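S.K.: Sequence first, then the predicted structure:
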2 protein chains.
Amino acid sequence: MKDIWKKFDETEPSHSSIHHLMAVYHLHKKNGYARGIDIANYLNITRGSVSITLTKLRDKNYLTEDENKFYHLTEQGQQLVNSALSKRHIVKRFFSEVLQLPAEVAELDACKIEHLLSNETGEKLICFMGYYLSEKPEVLNFRLGFRQFKYQCQSVAECRLCESDCFFSGKEISKTG
Amino acid sequence: MKDIWKKFDETEPSHSSIHHLMAVYHLHKKNGYARGIDIANYLNITRGSVSITLTKLRDKNYLTEDENKFYHLTEQGQQLVNSALSKRHIVKRFFSEVLQLPAEVAELDACKIEHLLSNETGEKLICFMGYYLSEKPEVLNFRLGFRQFKYQCQSVAECRLCESDCFFSGKEISKTG
DNA sequence: AACTTTTGTTTTATTAATAAAACATTGAAT
DNA sequence: ATTCAATGTTTTATTAATAAAACAAAAGTT
């Protein structure tokens, strides 16, 4: 594929837009409605910015505006929100429960990448977590072994994981820190 | 933490800038030098854009420009490149070897998120992959079990993984597709 | 009814990343 | 030395996301 690196910016809708939609979702859940001012406060940006962004999102059919200027997600908008939130949730659990990252790091990293991951990746990760969190004996043994495992990346030559110039080489890497 | 969602845009340096630095790295490796035109061709953008971006990166001490307009990564720039490439590499391996995603999806998703993941996350993932790829018996059993595992997200109520409105609920999710 | 506050919209401006085109420099070929 | 091609820089313009401020409308208070 040509210019893979450019795909980063071609995400449609953008990170910002998805967070506008998620704001509508959360405000509905919490208050039963979502107006421009509520979204602005929730996202901590100005009313003007929200007005501009929501107009675009309305034109793209991610939400509707009723007579009272209340916003409602369309089916399409709701799906986007569900997909982003589901990915965030499962990624966060993977980060904190499998990788044992601190909650804040797990939360932050998950939020940053949620909308960039394909749905396919989200699905596979759910499948993996379903297995990892099961009480199957082979899983319990695996988790036990991991708790005691330390990975020491001795040198680039010996490391089975990295390419040359590995940023992490030479560092002691353990599950707990 | 306030405004976690805004951290996405506050990544310093940006996705684009990191790819400029990676271009310098790859071109040096391949040709022994990196000029503006080479970077422009490599990234498939104009010379003018490269000139502007590289001037900024030079001012921020990520690279230097010699008398012949050849660019060289500084220690700081090289570290950024190493950290991004290492994370991309290990994420890609996790996606394809653990989650069993097709190579193209693994590559694309890894490229999108590489620079957004914290170094801490990169480290932990390397540790996990070191364990997962080891030949320890408990790992082999785990992998065997996973190969046969199917996760069926029956309903939101029963699902141990999701929150309400899970995007993936009701779908049959298996390791192979 | 007049005033004030709240909310929404529009306009002007900024920043980053880009393109495109004009401009500048350099170096090689004739 | 003149010309031409390659390369680098600057300028102008665009797009997305924002702020800030001006403006508009609606809604509540007195």
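M.R.: Looks like it came in fine.

S.K.: Just the pLDDT at the residue in chain A that DNA strand C sits nearest to, thanks.
M.R.: Using CB to the nearest atom of the strand, the closest approach of chain A to DNA strand C is made by A:G48 at 2.6 Å. From N, CA and C alone the C-beta is placed, and that goes for glycine too. Looking at A:G48, its pLDDT stands at 97.

S.K.: ok, it - how many residues close by?
M.R.: 10 (other CB atoms under 10 Å in any protein chain shown).

S.K.: quick one: secondary structure of it?
M.R.: helix (DSSP: H, G, I helix; E, B strand; the rest coil).

S.K.: From chain B, how far out is it?
M.R.: 17 Å (CB to the nearest CB, to the nearest Å).

S.K.: Quick one: residues contacting that residue.
M.R.: By CB atoms under 8 Å, 6 or more residues apart in numbering or on different chains, A:G48 lies in contact with nothing.

S.K.: Let's see that with 10 Å instead.
M.R.: A:G36, A:A40 (CB atoms under 10 Å, 6 or more residues apart in numbering or on different chains).

S.K.: Could you do A:H28 as well?
M.R.: A:A34, A:D38, A:F70, A:Y71, A:H72, A:L73.

S.K.: Just the ones in strands from those, please.
M.R.: A:Y71, A:H72, A:L73 (DSSP state E).

S.K.: still on that earlier bit, quick one: which of the contacts of A:H28 is nearest chain B?
M.R.: A:L73 (11.0 Å; CB to the nearest CB).

S.K.: just the CA coordinates of the biggest helix by length in chain A, formatted as PDB?
M.R.: Taking DSSP state H as the criterion, chain A has its longest helix at helix A:75-93. As requested, the backbone C-alpha atoms of helix A:75-93 are provided in PDB (Å, rounded to 0.1, in the frame of the first residue of the first chain):
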ATOM      1  CA  GLU A  75     -27.900   5.400  13.700                       C
ATOM      2  CA  GLN A  76     -24.600   6.100  11.900                       C
ATOM      3  CA  GLY A  77     -23.400   8.400  14.700                       C
ATOM      4  CA  GLN A  78     -24.300   5.900  17.400                       C
ATOM      5  CA  GLN A  79     -22.400   3.100  15.700                       C
ATOM      6  CA  LEU A  80     -19.300   5.200  15.500                       C
ATOM      7  CA  VAL A  81     -19.600   6.000  19.100                       C
ATOM      8  CA  ASN A  82     -20.200   2.400  20.100                       C
ATOM      9  CA  SER A  83     -17.300   1.200  18.000                       C
ATOM     10  CA  ALA A  84     -14.900   3.800  19.500                       C
ATOM     11  CA  LEU A  85     -16.000   3.200  23.000                       C
ATOM     12  CA  SER A  86     -15.900  -0.500  22.700                       C
ATOM     13  CA  LYS A  87     -12.300  -0.400  21.300                       C
ATOM     14  CA  ARG A  88     -11.200   2.000  24.000                       C
ATOM     15  CA  HIS A  89     -12.700  -0.200  26.700                       C
ATOM     16  CA  ILE A  90     -11.100  -3.400  25.500                       C
ATOM     17  CA  VAL A  91      -7.700  -1.800  24.700                       C
ATOM     18  CA  LYS A  92      -7.700  -0.300  28.200                       C
ATOM     19  CA  ARG A  93      -8.400  -3.600  29.800                       C
END
